[in-house]
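> I would like to see how this sequence folds:
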Amino acid sequence: MSQGICRGKILFIKDLVTYKSDTPANLEEVFQEAVNDYLETCAQLSRKPAKPFRGQFNVRIPPDLHRSAALRAVENGVSLNDVVVKALDSFLYVSSEVNHHVYLTISGETTQMATVTFASSDEPEWNAPYAH
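I've put the predicted structure just below:
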């Protein structure tokens with residue numbers, strides 16, 4: 001932006017396909033032109049265009065984790081692939097923030113009672129006339 005030029009390149013393919021524009025509003029148009037030029041060049045060279053992802057990859061995991069995932073697949077009546085897809089989906093798109101609240105009531109020989117609330121990142125909050 002400091003040079004007044006917007007640039008881009010298509011990621012995750014072996015070929016280098018770049019594009020640039022003087023304005024952000026024109027980026028999509030020059031991107032489409034770059035893709036069309038790439039496809040035409042591949043056709044002229046009798047070569048298949050690269051696809052960014054095949055949707056398939058190898059993963060190395062500990063044997064115990066592999067066993068646990070396979071057992072979970074059997075328990076749920078799904079494939080191991082389905083278990084991995086759900087796990088990745090949860091990792092990428094499900095909020096990992098968990099709030100743990102613990103309520104503790106303390107009573108003694110007197111009639112006074114106190115309730116304390118703990119939240120995962122908070123200091124304890126006492127709800128009693130005498131907080132100790």
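> please count neighbours and contacts with C-alpha atoms only from this point.
Fine.
> okay, domains of the protein per the record?
Following automatic domain parsing, one finds the domains of the chain at 1-56, 63-93, 98-132.
> where does this protein dip in pLDDT?
Within the chain, the stretches with pLDDT under 70 are 1, 96-132.
> how about the helices in this structure?
In the chain, the helices defined using DSSP state H lie at 27-44, 63-76, 80-93.
> buried deepest among these, which one?
Of the helices of the chain, the one with the most neighbours on average (mean count of other Cα atoms under 10 Å) is helix 27-44, at a mean of 14.
> now for it, which elements pack on it?
Secondary-structure packing of helix 27-44 (3 or more Cα pairs under 8 Å, 6 or more residues apart in numbering; DSSP states H and E): strand 18-21.
> which residues outside the strand it packs on are in contact with it?
Applying Cα atoms under 8 Å, 6 or more residues apart in numbering, the external contacts of strand 18-21 come out as 5-10, 27, 30-31, 34.
> quick one on the thing from earlier: can you redo the helices of the chain as CSV with distance to residue 57?
Formatted as CSV, the helices of the chain follow (distance: least, Cα to Cα, whole Å):
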stretch, distance to residue 57
helix 27-44, 25
helix 63-76, 15
helix 80-93, 11
